[in-house]
Structures are given as structure tokens and as C-alpha cells.
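Colleague: Predicted model and sequence below, questions to follow.
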Amino acid sequence: IFRGRPVISQEPVHEEELAAICPTGAIGTDPVSIDLGRCTFCGECALAFPEKIRFTKDYKLATNVRERLIIREGEDQPVEVEEQLIRPEIRRILGNSLKLRQVSAAGDNSAEWELNAANNVQFDMSRFGIEFVASPRHADGVVITGPISENMAEPLQICYEAVPTPKIVVLAGTDAISGGIFEGSPALNREFIDRYPVDLYIPGNPPHPLTVINGLMALTRKG
């Protein structure tokens, strides 16, 4: 039942009707595109227009370039991390051991559950030296889930400032990347996203543990 990277054919369809299906405005027109940073992976577009859109099982969706989360019609290319944009200190200092503080910034617990699953006996992310820690003082970066509510904006800032330098920022899940179905809500305060560079976007609603692990490994080490 997993839905991964979508592929959009060049089959002509009523583009406005297709775009209207999406509850988060993830589908663009002329050309048809899907923004994985907004996509809830509900699959309704593929069900309504199966000749136009299909979701593959490709779980490698993470990238450090926001633009690469936009999948356009006629393209069938993997989503990858741009090596040239990775800060040198990330791989030099954090490449063999990465400790992360997860911040649920008004999340619904779905992305949080999947991050927890990444460290269970099935996926065992810790075997790669990547683990979640309880204190930001022991962390190398923050993994943000949720759309960042007004009430969580200050705690997130405090947590980020407590992490020693160098530190990374990871957005995990649709809500964190774009606000998801809550985008534009007056209850949100996403100034943090504009204030600091994002080192890794991990799309999904919620992101799959394999997507999480693959993305973090692509960021911190070669091969």
C-alpha cells in the first residue's frame, strides 16, 4: 500500500479538474506537476486519473534542494541529494556518528511514529550511527515534524539554539516542509523555516522509515 515517488505521463487530461482534486494544492498545471513537499500521498489523483499519474514504490525521496521535490510530467528521474550543496563540516564531523533531537512542532504523531520505527529492530537505523537523543545538548541537529504552531515556535527556537555547532536542520513530513493541510493557518508560525537553511527535506505523510534512513545517510556520507 506504500506510495512513493509519483510518475506523471504526458497523456492529455483536463488539468484544472486534476488540480482541483488535491486538498493541499500540490498539483500544478501547464505542465502538470506534483510538489512532494505539499503532497499528502492520499493517491486520489492517481485513482481519478490513472492514465496520468501513478505512484511507484521508490522510497528514495529525500533531498536538500526544495525544487527537487517537484515532479513534472514526462520526467522519471530519482529524487537525490545535491552533493555540491552539502556543507563540508556535515560529512567531516557528523559522517560517522549523527545524534538528532526530534521536535514535534504540533505534529499529529504519524511522522513521529515513523521516526521511532526507523530505530526499531526491523529498520535499525542506529547500526549506521544515527540515533535520536533526549537532549539538544547531546544532538548534532534537529528533526522537525509538524507544521510549527505558534505555541511551538519558541520551544523549537530554544531547542535549536541549545544544539552545539555545527548543526543540521531536517524537515520530516509534509506538515513540516510546507504546513500541509494547515498551510496558511493563523495558528502557525513558520518563521523558523525562513530564518535558517534547511539541510534535508524528507517528504511523506508520514515519511517511510526507509525514506528517513536513506535521506540521512545520503546527507552525511558518500555512497
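Modeller: Received, thanks.

Colleague: Show me which residues of stretch 82-98 are buried.
Modeller: 86, 90, 94, 98 (16 or more other Cβ atoms under 10 Å). The C-beta positions use only the backbone N, C-alpha and C, and glycine is treated the same way.

Colleague: where does the protein have low pLDDT?
Modeller: Low-confidence segments of the chain (pLDDT under 70): 223.

Colleague: picking that back up, looking at the buried residues of stretch 82-98, which are in helices?
Modeller: 90, 94 (DSSP state H).

Colleague: burial count for the closest residue to V81 other than its chain neighbours?
Modeller: The spatial neighbour of V81 that comes closest, neighbours along the chain excluded (Cβ to Cβ, 6 or more residues apart in numbering), is A218 at 4.2 Å. Here the number of neighbours of A218 (other Cβ atoms under 10 Å) works out to 20.

Colleague: any idea whether A218 is helix, strand or coil?
Modeller: When classified by DSSP: H, G, I helix; E, B strand; the rest coil, A218 comes out as helix.

Colleague: residue contacts, it?
Modeller: Neighbouring residues of A218 by Cβ atoms under 8 Å, 6 or more residues apart in numbering: 62, 80-81.

Colleague: What's the first helix or strand after the longest strand along the chain?
Modeller: Ranked by residue count and defined by DSSP state E, the top strand of the chain is strand 98-104. On the C-terminal side of strand 98-104, the closest following helix or strand by DSSP states H and E is helix 110-117.

Colleague: Right, I'll call it a day here.
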